[in-house]
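Visitor: sequence and predicted structure below; questions after.
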Amino acid sequence: MAPSLNSYLRRATAEGWALPHFNVCNLELLRGIVLAAAELRSPIMIGTSEGERALFTPAGAVALVRALADEFGVPLFLNADHTHSVALAKAAIDAGYPSVHIDLSKLPFAENVAKTAEVVRYARKQKREISIEGELGALATDSSTVFKGKVTIDPASFTSPELALEFVHKTGIDRLAPAVGNYHGMSQTKKNLDFTLIKELRAKLRKNVALVLHGGSGSGEVAFKKAITAGIANVHISTELRVAYTKALRESIKKNPDEVVPYKLTGASTLAVQKKAAEFIKLFGAKGKA
Ligand SMILES: [Zn+2]
């Protein structure tokens, strides 16, 4: 049987590399990512937020990613990224998702624990293995924006290792998304990640619980490497691929103002995404790990 997502994550934690998690909202982005994964033999997580999965329909995303994984012979794990309700988490599982990120980090701790645990129980009742991620601590931003100014983060919002241990113990999650100075989107300044906190979290939690870094875009090569060395086994990238995609699309439309065939205009975007995704796969040490 092909290795599960959790087994790849355990391997990444033990060996000091990270699985890339790339978000998709259309076929061209997905295709660019899959081409990079196939070329470099890397296992990949494909993320769809609530909005993104509505575009494909959850069952449509499952079928499409499964077909591409078979066609290209590469492990692709579809994740229901930032799912904000138990009902939508269960719907993703019912649609065939192999992975769900239940994000109730804005709720009080006890409620976050109870509802995340409910999703874990539901996942464990299924015949197949489903990987569940919970989130603790507040990220400063919610979506993929390129901010003009500086984004400042209050260290009081960071995840406490003691609470993280309690959260993991009480929920039974496979992966934890902590707040360690990361945020969604990018700004003019590089992100200030707390590597000491990542190390503390890693030391505190069982090895079979993977640490996930959200809002990776714009962290810079050095910070990514340090975060992975400190214990991150999965890095989320969305904005940087979207920037590559839209930049290529703008240039393509400018160069071919009379072209009306969509895939002739988006071909350059797919290539730009493939190139960017390949850079991250290599940077995270995931090349050849499929
Ligand atoms: Zn995220």
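Guide: Received, thanks.
Visitor: correct me if wrong: E118 contacts I93.
Guide: No: counting by Cβ atoms under 8 Å, E118 does not reach I93; the two are 11.7 Å apart. In this view, the C-beta of every residue, glycine as well, is placed from N, C-alpha and C.
Visitor: which of these two has more neighbours?
Guide: The neighbour count for E118 versus I93, taken as other Cβ atoms under 10 Å, is higher for I93 (23 against 15).
Visitor: where does that one land in three-state SS?
Guide: helix (DSSP: H, G, I helix; E, B strand; the rest coil).
Visitor: surely it is in contact with Q126?
Guide: Yes: the pair I93 / Q126 is scored as a contact, 6.4 Å apart, by Cβ under 8 Å.
Visitor: for the closest residue to K226 other than its chain neighbours, report the pLDDT, please.
Guide: Distance criterion Cβ to Cβ, 6 or more residues apart in numbering; nearest residue to K226, sequence neighbours excluded, is F195 at 5.2 Å. Per-residue pLDDT puts F195 at 95.
Visitor: now do the same contact list for F195.
Guide: Contacts for F195 (Cβ atoms under 8 Å, 6 or more residues apart in numbering) come out as K226, A227, A230.
Visitor: burial count for the first one?
Guide: Meaning K226. When neighbours are counted by other Cβ under 10 Å, K226 comes out with 16.
Visitor: which helix or strand contains it?
Guide: helix 221-230 (DSSP states H and E).
Visitor: from the chain's centre, how far out does the helix or strand just after that helix sit?
Guide: Of the helices and strands lying after helix 221-230 in sequence (DSSP H and E), the nearest is strand 232-237. Centroid displacement of strand 232-237 relative to its chain, using Cα atoms, centre = their mean, to the nearest Å, is 6 Å.
Visitor: cool, stretch 14-34 as well?
Guide: 8 Å.
Visitor: same question for that stretch: list its buried residues.
Guide: 17-25, 28-34 (16 or more other Cβ atoms under 10 Å).
Visitor: strands of the protein, start to end?
Guide: Applying DSSP state E to the chain gives strands spanning 19-23, 44-48, 76-83, 99-102, 131-136, 175-178, 210-213, 232-237.
Visitor: quick one: end-to-end distance for stretch 177-196.
Guide: Length of stretch 177-196, first residue to last, Cα to Cα, to the nearest Å: 16 Å.
Visitor: buried residues in it?
Guide: 177-187, 191, 193-195.
Visitor: repeat that for stretch 99-115.
Guide: Those would be S99, V100, H101, I102, D103, L104, S105, N112, V113, K115, for stretch 99-115 by 16+ other Cβ under 10 Å.
Visitor: tell me which of the residues you listed has the lowest pLDDT.
Guide: Within the buried residues of stretch 99-115, lowest confidence goes to S105 (93).
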